[in-house]
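S.K.: structure for this input, please:
(2 chains)
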Number of protein chains: 2
Amino acid sequence: MHTEPTTFSAESYFATQPPPPTLQHDVEKVREFVARQAKEGRNVVLVTSGGTTVPLELNVVRFLDNFSAGTRGATSAEYFLKAGYAVIFMHRQFSLQPFSRHYSHSTNPFLDFLDIDAPESDGATPRISVTPNKRQDLLEVLTVYKNVHALGTLHTLTFVTVNDYLWLLRAVSQEMSVLKRRAMFYLAAAVSDFFLPRQKMSEHKIQSGKGNLSIEMDQVPKILKPMVDEWTPGGYIVSFKLETDQHLLLPKARQAIERYGHQVVIGNDLHRRKFEVVFVSKKPSPALPPGLEQTKEVLEHVADAANSFDEYWLRIDLPEPPPPGAQVKEIEEDIVHELVKRHMEWIDNTL
Amino acid sequence: MHTEPTTFSAESYFATQPPPPTLQHDVEKVREFVARQAKEGRNVVLVTSGGTTVPLELNVVRFLDNFSAGTRGATSAEYFLKAGYAVIFMHRQFSLQPFSRHYSHSTNPFLDFLDIDAPESDGATPRISVTPNKRQDLLEVLTVYKNVHALGTLHTLTFVTVNDYLWLLRAVSQEMSVLKRRAMFYLAAAVSDFFLPRQKMSEHKIQSGKGNLSIEMDQVPKILKPMVDEWTPGGYIVSFKLETDQHLLLPKARQAIERYGHQVVIGNDLHRRKFEVVFVSKKPSPALPPGLEQTKEVLEHVADAANSFDEYWLRIDLPEPPPPGAQVKEIEEDIVHELVKRHMEWIDNTL
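M.R.: Alright, predicted model coming up:
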């Protein structure tokens, strides 16, 4: 599979890679959802969640994947819904989802808390009900879940491959551009930096008898730049940087803000992400007092400020080890709270 | 990451790659489970299920994976339990599991069929019960689930990486060897053919700024041979071959039987696997009529027969498209039925 690497711009990517077959259908549903939310006056956030795959074969048997259960996205979506946002939840198939995330089949299987009641009469199908000591927890989740469904404020979309993700992201952000500043983008999905262009993929399963496996991949185009400039100008865009080397966190986050010009990068370390994140954004240009003479010094000061970053660390205390069964504070509650505040300011700033 | 490929035997693999930290604990639980089942006179089947990952970094962000939701394994485990087997269900974390597999969070979310009843008195926590039209389906699943738990015939183990899988498989099959011919191995997991030795892994997330990604992987050692010869002699071993090219199915299955000397390969094509599989096994040596002169011709005939294969195609009719909501026949029911029959013969043949 040794072939020449190709460099893809967003434009050349979409010109050469095929769209997912369900794209048109998905886009129409999003359009309806956005129109209804706009009419009902809600802010809308796109939450992306889970990892993307890079198939190595056209008939997919093997793929490269990015580590992500989708906890950050699913949890945050719930808090956005509680804050009154309408949420487009665009997630990796089978990754965690808001509400049902509390009942993982592995750690909290729902079949374990269902009781078969004695039938009310002979031959009647017995009732099945939630066991008393699980009622209170489930009631809270279920009540919000039912409210969200009654209001119609959650729309779910799924992707599997990085190609699905890129096509969907472009289309959804274009659809959301009608919301202007009322649209937020919370890009929590763990997106592959690399992909295998369709033109280089092997049709069938790579056979193992032929020795060792060697894969060469191309870089995924950077899509934040066209997203900011073309697809959804005015949108409030939040991206994530996950690193395993603490020292790279701030430099990589600042670099992303500088390059793409979006609003916030949330930096998180793989091992500390449940209790510590950092919001990195551009410092607002200082307001010059009226009548101040624009000397060389003053202008340099303004330029410096424009190049400097605002860093806001958000930390919570997590009990270690967590008390069994107890409700543990989730950092996503504070992340969403902070972002909603910033988004309000962003909206107000143009009114 | 260009380095020299290494060829690993099972022995050199286990001598150089570190065991998962929970191995000892997992093995003790399996030992207790096997001892209890042996005492209670049950046959035991190890069902492996789901894909294995190959991490590319020590602090895992990226990994290679094999396509598998774990449907085959989870479904088959349910039918083995119904057939009276004790099941060790060794599956990829978050892959489908017996029973809960019917309630995928994406396609049949259980929160959708729970009703909040009116509270019985003011201030009381309301009851939550299963909505009437979902009761019958759930009742069937829940009844078997509760029986299995009451009998203690299901033991669950999880793996993530191909390294976890290999260490667990060796240890579990060694523990099961005390069962001799009463042990069955149903190896439905989609195991990577390639891996990245610990010694070649990068510590931190591979940075994308440095150009294209190139990965070279080594071949995973073939473990069926030592499994048959050393780890669990006497066990009835069933492996799976998944191919996307129909023409490779029989040759690859025959080759596996020939090389490893186990009992059955179940071959399946990626696109036909829900309604068609083929059981490939060695033809039993023909019994020669007593007193037959062992001429050259007779001996050649015996040798030919020993080199020939028994191929048994199992097909079911699936309605296309499946009627919504209807219970659809699952091919795993017939696969398990056929294997239980063969396993009984295998056990009887040595009594």
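
S.K.: doesn't residue A:36 belong to a helix?
M.R.: Yes - counting by DSSP: H, G, I helix; E, B strand; the rest coil, residue A:36 is located in a helix.

S.K.: against chain B, how distant is it?
M.R.: 21 Å (C-beta to the nearest C-beta, to the nearest Å). The C-beta positions use only the backbone N, C-alpha and C, and glycine is treated the same way.

S.K.: cool, and residue A:256?
M.R.: Applying C-beta to the nearest C-beta to residue A:256 and chain B gives a distance of 11 Å.

S.K.: list the contacts for residue A:274?
M.R.: Neighbour list for residue A:274: A:318, A:331 [criterion: C-beta atoms under 8 Å, 6 or more residues apart in numbering or on different chains].

S.K.: how about it, secondary structure?
M.R.: Strictly by three-state DSSP, residue A:274 counts as coil.

S.K.: phi, psi of it?
M.R.: phi -80, psi -10 (degrees, to the nearest 10).

S.K.: quick one: least confident helix or strand in chain A?
M.R.: Lowest on mean pLDDT, DSSP states H and E among the helices and strands of chain A sits helix A:296-306, with a mean of 70.

S.K.: report the buried residues of the helix or strand just after it.
M.R.: As assigned by DSSP states H and E, the chain's next helix or strand after helix A:296-306 is strand A:309-315. By 16 or more other C-beta atoms under 10 Å in any protein chain shown, the buried positions in strand A:309-315 come out as residue A:314.

S.K.: so what touches the helix or strand just after strand A:309-315?
M.R.: Where DSSP H and E defines the elements, the next helix or strand beyond strand A:309-315 is helix A:331-348. Applying C-beta under 8 Å, 6+ apart, the contact partners of helix A:331-348 are A:43, A:72, A:75-76, A:78-80, A:83, A:85, A:181-182, A:184, A:186, A:236, A:238, A:263-264, A:266, A:273-277, A:279, A:312, A:314, A:316.

S.K.: same check, this time on stretch A:60-69
M.R.: A:49-56, A:92, A:95-96, A:161, A:189-192, A:194, A:205-206, A:215, A:217, B:53, B:60-67, B:94, B:190, B:192, B:242, B:244, B:270.

S.K.: narrow those residues to those in strands?
M.R.: Among those, the ones falling in strands (DSSP state E) are A:49, A:53-55, A:92, A:194, A:215, A:217, B:53, B:62-66, B:242.

S.K.: give the residue farthest from the middle of chain A.
M.R.: residue A:122 (51.4 Å; C-alpha atoms, centre = their mean).

S.K.: where's it, which helix or strand?
M.R.: Going by DSSP H and E, residue A:122 is not in any helix or strand.

S.K.: in a helix, residue A:177, correct?
M.R.: Yes - under three-state DSSP, residue A:177 sits within a helix.

S.K.: and the nearest residue to it once chain neighbours are set aside, how far is that from chain B?
M.R.: In this structure, residue A:177 finds its nearest non-sequential neighbour in residue A:232, 4.3 Å apart by C-beta to C-beta, 6 or more residues apart in numbering or on different chains. The spacing between residue A:232 and chain B, counted by C-beta to the nearest C-beta, is 24 Å.

S.K.: which residues touch residue A:232?
M.R.: Residue A:232 neighbours (C-beta under 8 Å, 6+ apart): A:173-174, A:176-177, A:183, A:185.

S.K.: let me know the pLDDT of it.
M.R.: Per-residue confidence at residue A:232 stands at 93 (pLDDT).

S.K.: about what we covered before: and the two most separated of the contacts of residue A:232?
M.R.: Put simply, by C-beta to C-beta the two of these set farthest apart are A:174 and A:185, 12.0 Å from each other.

S.K.: quick one, which of these two is more surrounded?
M.R.: Neighbours per residue (other C-beta atoms under 10 Å in any protein chain shown) separate residue A:174 from residue A:185, with residue A:185 holding more: 26 against 16.

S.K.: what does the helix or strand the more buried one falls within rub up against?
M.R.: Using DSSP H and E, residue A:185 sits in strand A:183-187. With contacts defined as C-beta under 8 Å, 6+ apart, strand A:183-187 is touched by A:43-48, A:73, A:76, A:80, A:85, A:173, A:176-177, A:227, A:232, A:234-240, A:339, A:343.

S.K.: go again using 6 Å as the cut-off
M.R.: A:44-48, A:176, A:235-239, A:343 (C-beta atoms under 6 Å, 6 or more residues apart in numbering or on different chains).

S.K.: show the buried residues in the contacts of helix A:331-348.
M.R.: A:43, A:72, A:75-76, A:78-80, A:83, A:85, A:181-182, A:184, A:186, A:236, A:238, A:263-264, A:266, A:273, A:276-277, A:279, A:314.

S.K.: what's around residue A:95, how many residues?
M.R.: 23.

S.K.: these two touch, right, it and residue A:70?
M.R.: Yes - here residue A:95 reaches residue A:70: they are 3.1 Å apart, a contact under C-beta atoms under 6 Å.

S.K.: how much space between residue A:220 and residue B:343?
M.R.: With the distance defined as C-beta to C-beta, to the nearest Å, residue A:220 ends up 49 Å from residue B:343.

S.K.: with that, I have no additional questions.
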